[in-house]
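Q: Here is a sequence together with a model predicted from it:
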Amino acid sequence: MARSNDNLREMDLASLLAELRATKQEALNLRFRHATGQLDSHHELGKARRRIARINTLIRAREIAAAEAAGK
(Lines give C-alpha, C1' and ligand atoms only; values in the text may rest on other atoms or scores of the structure.)
Protein backbone atom coordinates (compact mmCIF):
# COMPACT_ATOMS: atom_id res chain seq x y z
CA MET A 1 0.00 0.00 0.00
CA ALA A 2 2.97 2.31 -0.02
CA ARG A 3 2.09 3.96 -3.32
CA SER A 4 2.33 7.69 -3.76
CA ASN A 5 -0.46 9.92 -5.04
CA ASP A 6 1.24 10.14 -8.44
CA ASN A 7 1.13 6.37 -8.74
CA LEU A 8 -2.55 6.41 -7.83
CA ARG A 9 -3.27 8.80 -10.69
CA GLU A 10 -1.53 6.47 -13.14
CA MET A 11 -3.59 3.43 -12.11
CA ASP A 12 -6.56 2.23 -14.12
CA LEU A 13 -10.03 1.99 -12.60
CA ALA A 14 -9.82 -1.72 -11.77
CA SER A 15 -6.52 -1.19 -9.96
CA LEU A 16 -7.93 1.77 -8.07
CA LEU A 17 -10.89 -0.31 -6.93
CA ALA A 18 -8.56 -3.10 -5.80
CA GLU A 19 -6.41 -0.58 -3.94
CA LEU A 20 -9.52 0.90 -2.33
CA ARG A 21 -10.64 -2.53 -1.16
CA ALA A 22 -7.18 -3.30 0.27
CA THR A 23 -6.92 0.08 2.00
CA LYS A 24 -10.38 -0.29 3.54
CA GLN A 25 -9.36 -3.71 4.86
CA GLU A 26 -6.20 -2.22 6.31
CA ALA A 27 -8.21 0.57 7.97
CA LEU A 28 -10.54 -2.04 9.47
CA ASN A 29 -7.59 -3.95 10.87
CA LEU A 30 -6.12 -0.73 12.28
CA ARG A 31 -9.44 0.11 13.96
CA PHE A 32 -9.57 -3.31 15.58
CA ARG A 33 -5.99 -2.98 16.77
CA HIS A 34 -6.78 0.48 18.13
CA ALA A 35 -9.86 -0.79 19.98
CA THR A 36 -7.89 -3.61 21.59
CA GLY A 37 -4.98 -1.37 22.54
CA GLN A 38 -2.51 -3.06 20.19
CA LEU A 39 -1.97 -0.08 17.89
CA ASP A 40 1.28 1.73 18.63
CA SER A 41 1.23 4.42 15.96
CA HIS A 42 -2.21 6.02 15.95
CA HIS A 43 -1.38 8.23 12.97
CA GLU A 44 -1.55 5.15 10.71
CA LEU A 45 -5.32 5.13 11.08
CA GLY A 46 -5.58 8.73 9.88
CA LYS A 47 -3.23 8.01 7.00
CA ALA A 48 -5.40 5.10 5.89
CA ARG A 49 -8.55 7.24 6.06
CA ARG A 50 -6.92 9.99 3.97
CA ARG A 51 -5.74 7.42 1.42
CA ILE A 52 -9.29 6.06 1.11
CA ALA A 53 -10.55 9.60 0.52
CA ARG A 54 -7.90 10.23 -2.16
CA ILE A 55 -8.78 7.03 -3.99
CA ASN A 56 -12.51 7.82 -3.82
CA THR A 57 -11.80 11.30 -5.18
CA LEU A 58 -9.85 9.91 -8.14
CA ILE A 59 -12.57 7.37 -8.91
CA ARG A 60 -15.27 10.07 -8.81
CA ALA A 61 -13.20 12.42 -10.99
CA ARG A 62 -12.90 9.67 -13.60
CA GLU A 63 -16.65 9.02 -13.45
CA ILE A 64 -17.35 12.70 -14.04
CA ALA A 65 -14.85 12.88 -16.91
CA ALA A 66 -16.41 9.80 -18.54
CA ALA A 67 -19.91 11.26 -18.19
CA GLU A 68 -18.80 14.56 -19.74
CA ALA A 69 -17.08 12.76 -22.59
CA ALA A 70 -20.19 10.69 -23.27
CA GLY A 71 -22.35 13.79 -23.28
CA LYS A 72 -20.33 15.61 -25.93
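A: Here it is on my side, so go on.

Q: so residue 40, which of the three states?
A: Following DSSP: H, G, I helix; E, B strand; the rest coil, we place residue 40 in the coil state.

Q: what's the distance between it and residue 33?
A: Computed as C-beta to C-beta, to the nearest Å, the residue 40 to residue 33 distance reads 9 Å. All C-beta atoms are positioned from the backbone trio N, CA, C, and that covers glycine.

Q: Compare neighbour counts for those two and give me the winner.
A: Here residue 40 and residue 33 are compared on neighbour count by other C-beta atoms under 10 Å; more neighbours surround residue 33, at 15 against 7.

Q: May I see the buried residues of the helix or strand hosting residue 21?
A: Following DSSP states H and E, one finds residue 21 within helix 13-35. Across helix 13-35, burial judged by 16 or more other C-beta atoms under 10 Å covers 16, 19-20, 23, 26-27, 30.

Q: And the next helix or strand past that helix?
A: helix 43-71.

Q: Tell me which other helices or strands that following helix touches.
A: helix 5-10, helix 13-35 (3 or more C-beta pairs under 8 Å, 6 or more residues apart in numbering; DSSP states H and E).

Q: Endpoint to endpoint, stretch 6-15 covers what distance?
A: 14 Å (C-alpha to C-alpha, to the nearest Å).

Q: No further questions, thank you.
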